[in-house]
Structure formats: C-alpha cells, structure tokens
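Asker: Return a 3D structure for these sequence lines:
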Amino acid sequence: MYYVGIDIGSTASKVYTLGEKEFYFVQPTGWSSKETARKIQEKLKENGVDVGAEDVFVIATGYGRVSVDYADKTITEITCHGRGGRELFGGDCSVIDVGGQDTKVIVVENGAVSDFLMNDKCSAGTGKFLEIMANRMGVTLEELFLLAEEGTILPISSLCTVFAESEVISYIGEGQPRENIAAGIVDSVANKVAQLAQKKRIGSQVILTGGLSFSPYFTRILGEKLQVSLVALEKGRYAGAYGAALLGRERNMKKRA
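Answerer: Below you'll find the predicted structure:
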C-alpha cells in the first residue's frame with residue numbers, strides 16, 4: 001500500500017510517498033495548480049505509483065489542494081504541517097512555516113495541534129517578498145542570503161510589500177552596498193515572522209519548515225529574534241506533504257481496523 005501526501009503551495013508543490021519505497025520530490029507550482037497536479041500524477045507513475053490503483057491512497061493539502069482531483073481526501077495545511085513537523089522533530093514542538101503566500105505558526109501539544117496563527121494578508125513577511133527582492137537585485141534567493149550574511153542591516157520598516165520595495169529601491173538609488181541592502185531585506189522578513197510567532201506561546205522547542213528552512217542564516221537570525229534554538233530540519237520543506245501521507249496512512253488503517 002502506498003500513501004501519498006501532496007502539498008500544493010503557491011510557489012512550490014511538495015510530494016511525499018510512504019510505502020514499499022519512500023521517496024519525495026518538489027516542483028514549481030507554476031500558474032495552474034491543476035496542471036501541477038497532473039504533472040505530479042505523471043511523475044508518481046514514473047516511480048511506480050499509480051494514483052488510480054486500489055493500493056494507493058492520496059491526501060492533498062496546501063493552497064491548491066482542491067486542484068488534486070484524484071485525491072482520496074483533502075486536509076488543511078495546519079493539520080498536515082503540525083503532524084509532519086511533530087514526526088520530523090520527534091515529539092511536541094512549535095512549527096513555524098514560512099511559505100510563499102503565508103506564514104503559519106502551529107503549536108503541537110500532546111501529539112496534536114493545540115493552537116495556530118496564520119498571516120496571509122500581506123506577503124512582506126513571507127518567502128514571496130524575498131523572491132521579489134532577490135529579483136529586484138538581480139540575484140537568486142540563495143545568493144541573497146549569502147550577501148545578507150556579509151552585510152550590515154539597513155532598516156526596512158514598511159509593513160506593506162509595495163512600500164517595503166520602495167525603501168529597497170531608494171537604497172539602491174543611494175548606492176548602498178548590495179550586501180547591506182540584502183541584510184536589511186532578510187532582517188525585515190525575520191522581524192515580521194518573529195512578531196507573528198511571539199503572539200503565541202511557542203515554548204522552547206521550535207522548528208522551521210517551508211522553503212526557507214534550507215537557509216542556515218535565516219534560521220539563525222530568526223532564532224535569535226525569538227530567543228530560542230530554532231531547528232531547521234533536513235526534510236522541513238516537506239513537512240506538509242509528509243504529514244498528509246502520515247495522516248492518510250493512519251486514517252486508512254483505522255478504517256480497516
């Protein structure tokens with residue numbers, strides 16, 4: 001039996017498969033979640049997993065979960081990220097997921113989500129803002145973090161993406177060093193994520209998931225702002241998809257019991 005978790009995010013889509021063989025992959029979501037779901041179906045089949053087979057159970061989550069028309073069930077990303085984060089961490093924890101469209105703070109206690117908060121009103125505190133700013137500066141996201149690590153923070157105070165971008169453009173016009181502008185950009189996102197997280201009782205066991213969990217620099221500065229030893233997990237980007245696959249397996253086994 002295969003259990004497939006599909007997390008269709010606004011920027012990237014993650015897939016995690018549990019069963020005879022365990023594998024996972026990520027691909028850009030692109031302009032159409034339906035087209036992305038179709039490509040995922042094809043890639044799964046290439047790996048020997050046919051979503052139409054009786055021994056394959058699919059759970060979809062994330063921004064575009066309704067687009068996965070072959071899913072056996074859809075579950076909210078809060079539940080999936082909480083379950084996946086808990087499993088990856090190895091116990092109760094708080095999960096901070098910085099995605100392309102929103103940032104989620106999820107508190108897991110006694111093995112279940114006890115509280116959460118999501119900010120999706122403005123992209124200034126999400127990965128999308130970093131992507132926009134990296135493009136504005138003509139660098140990749142990875143290069144933006146490398147620059148930021150070498151720079152001195154220039155303050156970016158605007159809460160709105162449009163006005164924050166205007167601040168960055170002003171700094172570029174003034175001829176400020178790129179590394180200092182990059183440091184200001186990354187620091188502004190970390191500040192907004194920290195402000196969101198501090199609205200909840202996150203405790204000391206905190207993990208970072210989502211697309212930014214690959215960056216040791218972002219993990220470190222966010223941890224400093226939260227005054228916790230923030231943990232970035234190797235498979236943190238797949239927390240939602242992994243959680244979906246785990247929940248699919250658990251729920252299907254309960255039905256059979």
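
Asker: the helices in this protein, which residues?
Answerer: Taking DSSP state H, the helices of the chain run over residues 33-46, 77-89, 127-137, 141-150, 161-174, 178-197, 216-226, 239-256.

Asker: do you know which of those lies nearest G52?
Answerer: Of all these, helix 33-46 sits nearest to G52, with 8.8 Å by C-beta to C-beta. (C-beta placed from N, C-alpha, C; glycine too.)

Asker: Give the rounded mean pLDDT of that closest one.
Answerer: Summarised as a single mean, pLDDT over helix 33-46 is 96.

Asker: List the buried residues of it.
Answerer: Along helix 33-46, these residues count as buried under the neighbour rule (16 or more other C-beta atoms under 10 Å): 33, 36-37, 40-41, 44.

Asker: what would those residues look like in JSON lines with distance to E234?
Answerer: JSON lines is the format used below for these (distance: C-beta to C-beta, whole Å):
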{"residue": "S33", "distance to E234": "27"}
{"residue": "T36", "distance to E234": "24"}
{"residue": "A37", "distance to E234": "26"}
{"residue": "I40", "distance to E234": "22"}
{"residue": "Q41", "distance to E234": "26"}
{"residue": "L44", "distance to E234": "22"}
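
Asker: Out of these, which comes closest to A194?
Answerer: S33 (30.3 Å).

Asker: And for the closest one, nearest residue in space, chain neighbours not counted?
Answerer: G64 (3.1 Å; C-beta to C-beta, 6 or more residues apart in numbering).

Asker: residue contacts, the one you found?
Answerer: G64 makes contact with 8-10, 13, 29, 33, 36-37, according to C-beta atoms under 8 Å, 6 or more residues apart in numbering.

Asker: Swap in 10 Å and give it another go.
Answerer: Counting by C-beta atoms under 10 Å, 6 or more residues apart in numbering, G64 makes contact with 6-10, 13, 29, 32-34, 36-37.

Asker: so how far is G175 from it?
Answerer: Using C-beta to C-beta, to the nearest Å, G64 is found at 41 Å from G175.

Asker: got it, and E167?
Answerer: To G175, E167 is 15 Å away according to C-beta to C-beta.

Asker: what about stretch 5-22, average pLDDT?
Answerer: Taken as a whole, stretch 5-22 has a mean pLDDT of 94.
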